[in-house]
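Asks: Need a 3D model of the following:
(2 chains)
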Amino acid sequence: MHIYANPARFLKIARPLTAWLGWSGGALIAGALAFGLAVAPAEALQGESVRILYVHVPAAWLGMAGWAAIAGAALIQLVWRHPLAAVAGRAAAVPGAVFAAICLATGSLWGRPTWGTYWEWDGRLTSMLVLFFLYLGYVALAAAEKERGGEGRLTAIFGLVGAINLPIIHYSVLWWRTLHQGESISFVRGTSTIAAPLLWPLLVSALGFSLLFGAIVLMRMRAELARTKVEARLKRMAGP
Amino acid sequence: MNPWPFVIGAYAIAILATLILTLSSWAAMRRAEAEAEALGSRK
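Replies: Numbering: from 1, shown residues only, chains lettered A, B, ... in the order given. Next up is the predicted model:
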């Protein structure tokens, strides 16, 4: 892992990878959403509103995956002091917050025709809203700590502590059986209760959004590394 | 209840938000790297 601690070595890999992830992710998303919107069959009980799941489920997955990435980066930063870990954590925060917001908004639009309400203080919905607020806190804390010239340790600790919300979101549908449906896909057991014609566009959409998410994180990491380089250079030029 | 306005609304929100996020991240990266490159080439 430490061989990538060198920003120059990281950039050598990140530059071609950004374009590859971005274009392949974009193509998969376009194909899956076109298929999900126009070709996939309607579901017996939910009808046409099931099509919302092709954007809602990948957004929910990435909202949670974004914080898992923040927590992983925080651990690497605090334990191994990897110089790029703090950059990676900060780079995942805004995309994670955007996808958590997309999840909440599209879930609300799915809830109205399906449940008859835009919002319910259900365990899954509430814990997802808490995740969105945690993202806002993380972004504000990271900006404040960077402005004060800190190393980002406080932000990393916040990222690690906030990860406690991830199992709460995951198990919320089992602990509090209220409105949100239970688990439909289990990667651990390799099972799914979703019929194949509805499932595969969902998986392709999730893969496409995940690849694009990776590209966005790389873009934001490259931007921060370039800004740091400029700041360091300007400091050297202004020095005695 | 007609579900199509909700379906179209959800797709519009997801696609627009993803596009804005991607393009703003790409523009910020291009700007920062161009600035770093310009500064690096100065003597």
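Asks: I'd like the average pLDDT over the biggest helix by length in chain A.
Replies: Secondary structure assigned by DSSP state H gives helix A:196-238 as the longest helix of chain A. Along helix A:196-238, the predicted confidence averages to a pLDDT of 93.
Asks: can you check stretch B:28-41 too?
Replies: Confidence over stretch B:28-41 (mean pLDDT, whole number) is 91.
Asks: ok, and for it, which residues are buried?
Replies: B:28-29, B:32-33, B:36 (16 or more other Cβ atoms under 10 Å in any protein chain shown). To be clear about C-beta, it is placed using only N, CA and C from the backbone, and glycine gets the same treatment.
Asks: Let me know how buried A:Y118 is, in neighbour terms.
Replies: Other residues within reach of A:Y118, judged by other Cβ atoms under 10 Å in any protein chain shown, total 13.
Asks: how about the nearest residue to it, chain neighbours excluded?
Replies: A:S108 (4.6 Å; Cβ to Cβ, 6 or more residues apart in numbering or on different chains).
Asks: Then A:W115?
Replies: A:L179 (6.1 Å).
Asks: Check for me that B:L19 belongs to a helix.
Replies: Yes - assignment of B:L19 by DSSP: H, G, I helix; E, B strand; the rest coil places it within a helix.
Asks: Next up, the contacts around A:R51.
Replies: For A:R51, the contact set (Cβ atoms under 8 Å, 6 or more residues apart in numbering or on different chains) comprises A:36-37, A:40, A:42, B:7, B:11.
Asks: How about it: what's its closest non-neighbour residue?
Replies: Sequence neighbours aside, B:V7 is the residue nearest to A:R51 in space, at 5.0 Å (criterion: Cβ to Cβ, 6+ apart).
Asks: Tell me the pLDDT of the one you found.
Replies: If you check B:V7, the pLDDT there is 96.
Asks: same thing with A:A5?
Replies: At A:A5, the model reports a pLDDT of 65.
Asks: Next: A:H2.
Replies: A:H2 is assigned a predicted lDDT (pLDDT) of 59.
Asks: got the residues of chain A near chain B?
Replies: Neighbours of chain B within chain A, by Cβ under 8 Å from any Cβ of the partner chain: A:18, A:22, A:29, A:33, A:37, A:47-49, A:51-52, A:55-56, A:59, A:94-95, A:98, A:101-102, A:105-106, A:109-110, A:112-113, A:209, A:212, A:215-216, A:219-220, A:222-224, A:226-227, A:229-230, A:233-234.
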